[in-house]
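**Student:** quick one: sequence and predicted model below, then my questions.
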Amino acid sequence: MKRIIKLSGITLACILVVLILAIWISYARSVPSREDSTIYNEAKYFDLWIADKFFVNDTNQWFNPYTNSRIRLGWIIPVEELENDSITVTFMNNTNEKLYYLGFSHPLVEYDYVADFYGIADTIGRGRNLGEFEGAKYFPMKKNESISIKLKNPLLLYPWFEHYLPTDTEEFPKIMKDVYGDVVQVRFKVFVRGLPWNKHGFSIANSDYIKIPIDTVIKGWKKGNFEKVKYDPESHGEYFVVRKEMFFERKLNN
């Protein structure tokens, strides 16, 4: 009887060794070098590879994180820095689980706005498309780890247009208020994913909306804190035409 138990134990151990070896060989063969990898053929960390191999059917699920879990991160957003040309935003993994954030050599941090347009508060996206994220990869984020990134001041851009507002003109204060009104709300976000055996999946982790008086930005302009950008009346007028069309189209669809 002891001999049978011993042989069974040895057999089981051999099976486990072969299984582990097979998994490791499969991992080594399927994962390209980090230099050659892209979001579509990503050199994953082992736990991410296990997650996608055995738990996730759609390897591009990060493209549609709205259908998945919501992860709440901690955020530090120094509003006073919006008087400057750039702002350093920090997000923290306070979920008590290991996470991964999407990025390049830096985190991929997006943002959107809520501004008053035609007397109605309207949510305005940044205007980037998914094609601009090609080549992004997931990077690990340990429990309680903080990640910081320096961003261009988001209120120096035309929403949707991805063009900079003209700072090299005395019309700047009026242009700012024409675009954003007297007060604007800004929210930052980062693409993250957890591991399937934990409670978090794919998500967009949003900060809270932060109310910012436009006079804060105008104060920075008066101090000469912004890079010089020439005023292009034609592009400025085009922005309002496109925004008006998009606004009324969205209202009709809703």
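**Tutor:** Good, I have the coordinates.

**Student:** could you use CA atoms for every contact and neighbour count after this?
**Tutor:** Fine.

**Student:** show me where the stretch 101-250 of the chain has helices.
**Tutor:** 172-180, 214-222, 233-253 (DSSP state H, counting those that start in this stretch).

**Student:** can you tell me which of those helices is nearest to Glu80?
**Tutor:** Of all those, helix 214-222 sits nearest to Glu80, with 7.8 Å by CA to CA.

**Student:** elements contacting that closest one?
**Tutor:** Where contact means 3 or more CA pairs under 8 Å, 6 or more residues apart in numbering; DSSP states H and E, helix 214-222 is packed against helix 172-180.

**Student:** buried set for the helix it packs on?
**Tutor:** 172-173, 175-176, 179-180 (16 or more other CA atoms under 10 Å).

**Student:** ok, these vs Leu73, which is closest?
**Tutor:** For these, the residue nearest Leu73 by CA to CA is Tyr180; the value is 27.1 Å.

**Student:** name the nearest residue to that closest one, sequence neighbours excluded.
**Tutor:** Ala115 (5.6 Å; CA to CA, 6 or more residues apart in numbering).

**Student:** for the one you found, list each beta-bridge partner.
**Tutor:** Asp122 (DSSP bridges).

**Student:** and it, how far from Glu162?
**Tutor:** Using CA to CA, to the nearest Å, we find Ala115 at a distance of 16 Å from Glu162.

**Student:** Val242 now?
**Tutor:** 13 Å.

**Student:** who touches both of those two?
**Tutor:** Common contacts of Val242 and Glu162, defined by CA atoms under 8 Å, 6 or more residues apart in numbering, are absent altogether.

**Student:** mean pLDDT added to the helices of the stretch 101-250 of the chain, as JSON lines?
**Tutor:** Output for the helices of the stretch 101-250 of the chain, formatted as JSON lines (pLDDT from 0 to 100):
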{"stretch": "helix 172-180", "mean pLDDT": "92"}
{"stretch": "helix 214-222", "mean pLDDT": "95"}
{"stretch": "helix 233-253", "mean pLDDT": "76"}
